[in-house]
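Participant: Test case, fold it:
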Amino acid sequence: MDSDNNGSFGDRVRSLPRNVWAVSLTSFFTDISSEMILTILPLFLSNVLGVRTSIIGLIEGLAEATASLLKVFSGWLSDRLRARKWMAVLGYGISAVAKPFFYFAQSWGAVAAVRWTDRVGKGIRTSPRDALVADSIDESQRGIAFGFHRAADTGGAVVGLLISLLVVWLAQRNTALLSQSTFRTLVLISIVPGLVAVLSLILGSHDVAIKATRERPKITFRALGRPFLLFMVIVGIFDLGNSSDAFLVLRAQERGLSVVGILAMLITFNAIYTLVSAPAGDLSDRVGRRKVIIGGWLVYAAIYLGFAVAGKGWHIWALYAVYGAYYGLAYGTTKALVADLVPGTLRGTAYGTYNAILGILDFPASLIAGVLWQGLGAWQGFGPAAPFYFGGAMALVAALLMAIVRPGEKVALA
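Facilitator: Numbering: from 1, shown residues only. As a prediction, this is how the structure comes out:
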């Protein structure tokens, strides 16, 4: 694997190995399929089924928490088997089969069951997939590899959302609320890219030989090392305020955006996310991951405070555009840093732990957001702004801790 870190950005992208391109293509098609459905799923629950935000938060949080338990096991198992590809294929396949069943959902319980199954697929695939990317690239190009993967992923989201926008516009024009027939049409269209995604991974990727050790990896926090564990504590604090983006979609509608306006807003977000991801990953290869992550979290804090005080729909749209820059800065870079902090034989376990902790925290984060917004039982909550004040505050605390604690970092190349 080429360790040259001095070429141009374009040269560094072109030099990425086949596995990175294959995984990125799979994520591209998966996100076409997923974004057509999952980003408007909160609107389907709220507009069509009349579900309260506390229940939406419960559905989203429980789905992610369930997937998280599998992320630990699948990552560890891929380390133990020294194989990543076919576990990732299995996970993508489960999600591709599950999502069409949204077509038949008539209650929030049915939606939750399909969402849960889809997240089971994500739980199985995510850690082996991330480890496969890390195994396939030299340390000096790890940031750009993960950044490119995120760019492809969000590029697929842009395409999926453009399809959704076209379908919604043709079906119901600028109507404020989503209809059931429009949602079902999108579910049917999403089947094709979901299947193409699975085929792309089967035909395009291959396992990379992992250096053998006498002892098989064990699921222990101690084996992952102190720098990784410190990093996870800080990331956990941040994620406690990082509730499901479903609440941002609901906030946009609450501030006056139509379904078409929300889809256009999400397209803007993903376009910026796509443009920023690979350059941000490349930047982290050159100046160090920690600086880029802190910058991303500070941007997040400012954006969430903006969501709290926004008075009009276009305010949410503008903030959501900048939100794409946060994702581009921080998301791929944190995954690259995980690989920096642990030995290669434990990468699957490390990614499983990373994804699991974040996914488990998604449950209380989303539940807290729903309760802060709309209350629980007799308690009425603090209103729509409250979850965003909380999220902004948690991001500031995490950024401060990241700057002070400075968890170990292998890559800091000039």
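Participant: from here on, contacts and neighbour counts on C-alpha atoms
Facilitator: OK.
Participant: Show me what the helix or strand residue 21 falls within is in contact with.
Facilitator: Assigned by DSSP states H and E, residue 21 falls within helix 18-38. By CA atoms under 8 Å, 6 or more residues apart in numbering, the list of residues contacting helix 18-38 from outside reads 129, 132-133, 136, 145, 148-150, 152-161, 163-164, 183, 186-187, 190-194, 196-198, 200-201, 204-206.
Participant: Chain neighbours aside, what residue packs nearest to residue 282?
Facilitator: residue 144 (4.5 Å; CA to CA, 6 or more residues apart in numbering).
Participant: so is residue 106 in a helix, a strand, or just coil?
Facilitator: At residue 106, secondary structure determined by DSSP: H, G, I helix; E, B strand; the rest coil is coil.
Participant: For it, grab the count of nearby residues.
Facilitator: Residue 106 has 13 neighbours, counted by other CA atoms under 10 Å.
Participant: Point out where the protein drops to low pLDDT.
Facilitator: 1-7, 174, 176, 210-221, 374-381, 408-414 (pLDDT under 70).
Participant: Can you tell me the centre-most residue of it?
Facilitator: Nearest to the geometric centre of the chain sits residue 331, at 7.6 Å (CA atoms, centre = their mean).
Participant: Can you tell me the element it falls in?
Facilitator: Using DSSP H and E, residue 331 falls in helix 313-341.
Participant: now swap in residue 157 and tell me
Facilitator: Residue 157 belongs to helix 142-172, assigned by DSSP H and E.
Participant: mind listing what's buried in that helix?
Facilitator: By 16 or more other CA atoms under 10 Å, the buried positions in helix 142-172 come out as 142-165, 167-168, 171-172.
Participant: Give the buried residues for the helix or strand that it is followed by.
Facilitator: Once helix 142-172 ends, the next helix or strand along the chain (criterion: DSSP H and E) is helix 180-204. Neighbour-count burial for helix 180-204 flags 182-191, 193-198, 200-202 (criterion: 16+ other CA under 10 Å).
Participant: what does stretch 94-101 give?
Facilitator: Neighbour-count burial for stretch 94-101, counted by 16+ other CA under 10 Å, picks out 94, 95, 96, 97, 98, 99, 100, 101.
Participant: which residues touch it?
Facilitator: 114-115, 117-122, 187-188, 190-191, 194-195, 198.
Participant: could you redo the last one with a cut-off of 6 Å?
Facilitator: Stretch 94-101 has contacts (CA atoms under 6 Å, 6 or more residues apart in numbering) with 118, 121, 187, 194.
Participant: For that stretch, what is the distance to the chain centroid?
Facilitator: With CA atoms, centre = their mean, to the nearest Å as the basis, stretch 94-101 stands 18 Å off its chain's centre.
Participant: Can you verify residue 70 is assigned to a strand?
Facilitator: No. Going by three-state DSSP, the assignment for residue 70 is helix, not a strand.
Participant: Quick check: closest non-adjacent residue to it.
Facilitator: Here the residue nearest residue 70, using CA to CA, 6+ apart, is residue 123, at 4.9 Å.
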